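# Next one to model:
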Amino acid sequence: MSSKQSVNKVVSVDEQAYEQEAGQAEHEDIVDETPEFRATVEMEIQAKVDANHPEGMVDTSEDRIYGVTLAQEERIRAREEELERISVQAAFGRQEGRAERTRAVVEQRYRDQRPVKEVDPREKLERGQLGQVNRQAQRLAADVNGGYTRAVIGKRIASRFLEGADMFEAVMDTKEEMQHEAGTIVPIGRLESIRRGEVSVEGRVIELWEPSSPAIQQVGLLEDETGRTKFTIWAKSNQTMVQEGEWVRFRAAAKNWYNGRCSIALTHWSEIVFPERGRWWE
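A predicted model of the protein is given here:
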């Protein structure tokens with residue numbers, strides 16, 4: 001009886017293989033009925049809208065660019081790095097040779113601003129003509145009290161002579177020009193012909209009389225070898241008092257006309273010079 005039970009329990013190798021194959025077939029016949037979830041077209045569109053909407057963005061890092069995808073951010077970063085590299089190359093390129101370019105610009109500006117040397121017209125004169133010009137220039141320097149040097153006067157005379165004027169005409173034109181320039185001491189006898197509103201004259205005070213108005217400080221007559229003129233010193237000018245017999249120089253005196261005659265008045269802008277005051281040795 002025991003032998004029969006043991007025989008029944010023995011299973012051949014072929015039977016075991018058959019049982020395994022049957023078990024596998026049985027498992028293969030089982031179908032996974034779990035449903036597969038796929039996004040519809042509407043869901044994909046909505047996902048893109050949500051991804052691009054400002055309120056739908058989530059910043060995961062402070063270094064991230066707000067409002068763009070990772071791919072877009074990478075392209076932006078790459079473009080920024082490229083622009084920075086180009087900018088650095090351009091900056092270094094401008095630095096090359098900068099010292100040479102700066103030196104060239106400075107030298108060009110110096111050449112443009114350098115004054116052209118003035119040619120002295122006296123150098124174009126013959127020896128005899130130059131001698132005449134120098135003598136006339138020395139005479140005008142003593143005759144016209146305007147602070148002109150003999151060289152300046154000589155250049156003016158020579159320039160007019162070279163332009164075609166004869167020597168006498170060149171001298172007289174130069175003298176008249178200097179007399180009409182501001183600051184030149186004008187002969188009193190030529191005050192009426194001076195084309196300026198302010199003149200400088202000098203002479204001796206030959207007479208003073210009582211002012212007719214409190215607004216007048218002094219009034220009198222001034223005379224030189226060419227003539228005489230009336231002068232008025234206004235009280236508001238705060239000028240120094242003059243005395244009869246003094247030699248004085250009035251600078252920037254205003255010309256006035258009364259009954260067809262020319263006179264001068266000293267204002268706040270005028271100046272009185274006393275060449276003889278303080279000369280104790282006389």
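
# Please count neighbours and contacts with C-alpha atoms only from this point.
Fine.

# I figured T240 hits S270, correct?
No - here T240 lies out of contact with S270, judged by Cα atoms under 8 Å, at a distance of 11.1 Å.

# Show me which of these two is the more surrounded one.
S270 (19 against 13; other Cα atoms under 10 Å).

# Sheet partners, orientation included, of the helix or strand containing I272?
Assessed by DSSP states H and E, I272 sits inside strand 271-273. Applying DSSP bridges, strand 271-273 is found paired with strand 247-258 (antiparallel).

# Following the chain past the partner strand, name the next helix or strand.
Along the chain past strand 247-258, the next helix or strand (assigned with DSSP H and E) turns out to be strand 261-266.

# between that next one and strand 247-258, how big is the angle?
Going by axes from the mean of the first three to the mean of the last three Cα atoms, to 10 degrees, strand 261-266 is angled at 120 degrees with respect to strand 247-258.

# What strands flank strand 261-266, and is each parallel or antiparallel?
strand 227-234 (parallel), strand 247-258 (antiparallel).

# Which among those is found nearest to Q72?
With Cα to Cα as the criterion, Q72 lies closest to strand 247-258 of the strands paired with strand 261-266, at 82.1 Å.

# Go through the strands paired with strand 261-266 and find the least confident stretch.
Among the strands paired with strand 261-266, strand 247-258 has the lowest mean pLDDT, at a mean of 90.

# got the strands paired with strand 261-266 as TSV, with mean neighbour count columns?
Formatted as TSV, those follow (neighbours: other Cα atoms under 10 Å):
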stretch	mean neighbour count
strand 227-234	19
strand 247-258	19
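
# would TSV of these with distance to L140 be doable?
Below are these laid out as TSV (distance: least, Cα to Cα, whole Å):
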stretch	distance to L140
strand 227-234	20
strand 247-258	19
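
# Let me know which of those is the nearest to K124.
Nearest to K124, of those and by Cα to Cα, is strand 247-258 at 37.3 Å.

# now A252: how far from T240?
From A252 across to T240, the span is 15 Å (Cα to Cα, to the nearest Å).

# Equivalent analysis for R75, please.
88 Å.

# and what of R251?
Distance from R251 to T240, by Cα to Cα: 13 Å.

# any shared contact partners between those two?
Listed as contacting both R251 and T240 by Cα atoms under 8 Å, 6 or more residues apart in numbering are I272.
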